[in-house]
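> Show me the folded form of this:
(2 chains)
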Amino acid sequence: NAGVMQNPRHLVRRRGQEARLRCSPMKGHSHVYWYRQLPEEGLKFMVYLQKENIIDESGMPKERFSAEFPKEGPSILRIQQVVRGDSAAYFCASSPRRQGIGDEQFFGPGTRLTVL
Amino acid sequence: SQQGEEDPQALSIQEGENATMNCSYKTSINNLQWYRQNSGRGLVHLILIRSNEREKHSGRLRVTLDTSKKSSSLLITASRAADTASYFCATDEGGNKLVFGAGTILRVKS
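From the prediction side, this is the model:
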């Protein structure tokens, strides 16, 4: 049973380009979460999605960032017109379902974005 | 806002010793989770403790939760060099999003 998969593992972009990060949740998981980790810091929540729905995007920057989780295919985190401050590790996590008292979230290996 | 705060920030011990890391948080939670992250790698889920639980064990790991003090501790017994990593606590306030602390860097010397 494959874990959460993310690609690419490393991504280099120049300022002003677009970055697309992909996440395939674990089999049977319908909930996806994106987190960002800056160097020497903990992870910060960005967005929580279910299939075709954004449930909570309270951690997403208001501009340039968007996320989707279509009916078919992986979840995509898209960053338009990247700036140096977007350089970070972006982690995706998935969980099977939402319970009243929460589920374990299983994390992918991350995508390390470097903006030149 | 930062919810979980780990203490200490860094811990260096000898192989075979026990390592204790603490986490404090500010609001009511549904559960608290501990993760390990090796340098430059992804997160590995260690243990989840629910708000109605006080203690949980998994192998050499023991986690306690004191909701009255809004704190948790992670104990690693008989540490090994392979336990060297960063350890994060993360709280779930009920919206399914996890709020992570800044982590404790554990170094186990052989």
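> quick one: what helix or strand has A:Y48 in it?
strand A:43-50 (DSSP states H and E).
> Surely B:S58 and B:I47 touch.
Yes - using CB atoms under 8 Å, B:S58 makes contact with B:I47 at a distance of 5.1 Å. All C-beta spots, glycine's among them, are computed from the backbone N, C-alpha and C.
> higher neighbour count, those two?
B:I47 (17 against 11; other CB atoms under 10 Å in any protein chain shown).
> What separation is there between the more buried one and A:K44?
The gap separating B:I47 from A:K44 is 22 Å, by CB to CB, to the nearest Å.
> and if you look at A:G108?
A:G108 sits 16 Å away from A:K44, going by CB to CB.
> Comparing those two, which residue is more hemmed in?
For the pair A:G108 and A:K44, the greater number of neighbours falls to A:G108 (24 against 17), based on other CB under 10 Å.
> At the contact with chain A, which residues of chain B appear?
Applying CB under 8 Å from any CB of the partner chain, we find that chain B lies next to chain A at B:2, B:4, B:30-31, B:33, B:35, B:41-45, B:48, B:50-52, B:88, B:90, B:92, B:94-103.
> can you list the weak-confidence ranges in the chain?
As the question left the chain open, I've gone with chain A. By pLDDT under 70, the weakly predicted segments of chain A are A:1, A:98-102.
> Actually, chain B is the one I wanted.
Ranges of chain B meeting pLDDT under 70: B:1-4.
> Run a quick neighbour tally on residue 94.
You didn't pick a chain, so chain A it is. 27.
> look at chain B instead
Neighbour number of B:G94 under other CB under 10 Å is 15.
> Quick check: it is in a strand.
No - counting by DSSP: H, G, I helix; E, B strand; the rest coil, B:G94 is not found in a strand; it is coil.
> Once you drop chain neighbours, what's closest to it?
B:N30 (4.9 Å; CB to CB, 6 or more residues apart in numbering or on different chains).
> Am I right that that neighbour is in contact with B:A90?
No - checked against CB under 8 Å, the pair B:N30 and B:A90 is beyond contact range at 11.6 Å.
> what about the spatially most central residue of chain A, helix or strand, and which?
By CA atoms, centre = their mean, chain A has its centre lying nearest to A:W34, at 3.2 Å. Here A:W34, judged by DSSP H and E, is contained in strand A:31-37.
> got the contact list for that strand?
Residues outside strand A:31-37 that contact it (CB atoms under 8 Å, 6 or more residues apart in numbering or on different chains) are A:23, A:25, A:43-50, A:55, A:67, A:69, A:75, A:77, A:88-98, A:103, A:105, A:110, B:96-98, B:100.
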